[in-house]
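>>> below is the sequence, then the predicted model.
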Amino acid sequence: MNLLTEPTFSPISAEETRRLLAEAKKARARAYTPYSQYKVGAALLTKSGRIYGGCNIENASYGATICAERVAVARAVAEGEQEFVALAVVADGPEPGSPCGICRQFLAEFAPRLTLIMANLTGKERYGSLDQYLPYAFNKDYLDGEEAD
Ligand code: THU
């Protein structure tokens, strides 16, 4: 595992990007957000070519809320998938949705260089790589006492 100084970006096709954004929007429609009203949708593309959607699910005990991104990852892992290519996130606001810190950490466990596609509902888009959004991520190498290469 690298401690990265330069972000790497593995672009996916324009068609796949559109498809992921469409799936993220579909997932967003199922968000359960009685407290914040802030609906988020995510769509995770795996190496096998499958797409797992996720939406945020809030709770009366606010801290029990789970973000859309982590729902998508949990769904994929529960289906036996651990190799991820790209994640799209869609939210409504002036800026494209952006994975929170916990979600960045959660994603980095499986895909430290995941391609991120972020958008809002007016079509403002931002692209990046997870290592750009979470540089020097804490990972299992630290627990193993291994030097990162
Ligand atoms: N939220 C997400 O689903 N993903 C993020 O990365 C940012 C925050 C959700 C959690 C909560 O339901 C609402 O947005 C407001 O924080």
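All right, it came through fine.
>>> going forward, measure contacts between C-alpha atoms and count neighbours the same way
OK.
>>> near the ligand, which residues of this protein? Just list them.
33, 36, 38, 40, 56-58, 65, 67-68, 98-100 (C-alpha under 6 Å from any ligand atom).
>>> list the ones among the residues you listed that fall in strands.
Secondary structure from DSSP state E places residue 40 of these in strands.
>>> which strands and helices lie in contact with the longest helix anywhere in the chain?
The longest helix of the chain (DSSP state H) is helix 14-28. Other elements packing on helix 14-28 under the criterion 3 or more C-alpha pairs under 8 Å, 6 or more residues apart in numbering; DSSP states H and E are strand 40-46, strand 51-55, strand 84-91, strand 115-120.
>>> lowest-pLDDT helix or strand in the chain?
helix 140-144 (a mean of 94; mean pLDDT, DSSP states H and E).
>>> what packs against that helix?
Based on contacts counted as 3+ C-alpha pairs under 8 Å, 6+ apart, there is no element that helix 140-144 packs against.
>>> picking up where we left off before, contacts for the longest helix of the chain, please.
When contacts are defined by C-alpha atoms under 8 Å, 6 or more residues apart in numbering, helix 14-28 is touched by residues 39-45, 51, 53-56, 87-91, 117, 119.
>>> find the nearest non-adjacent residue to residue 86, please.
Spatially, and ignoring its direct neighbours in sequence, residue 86 is nearest to residue 115 (4.5 Å; C-alpha to C-alpha, 6 or more residues apart in numbering).
>>> make a markdown table out of the helices and strands packed on helix 14-28 and add mean neighbour count and mean pLDDT.
Supplementary listing: the helices and strands packed on helix 14-28 in a markdown table, determined by neighbours: other C-alpha atoms under 10 Å; pLDDT from 0 to 100:
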| stretch | mean neighbour count | mean pLDDT |
| --- | --- | --- |
| strand 40-46 | 29 | 98 |
| strand 51-55 | 27 | 98 |
| strand 84-91 | 27 | 98 |
| strand 115-120 | 24 | 98 |
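>>> reformat those strands as TSV; add distance to residue 28.
As requested, the helices and strands packed on helix 14-28 are exported to TSV (distance: least, C-alpha to C-alpha, whole Å):
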stretch	distance to residue 28
strand 40-46	4
strand 51-55	5
strand 84-91	7
strand 115-120	11
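>>> nearest to residue 142, out of those?
strand 84-91 (22.0 Å; C-alpha to C-alpha).
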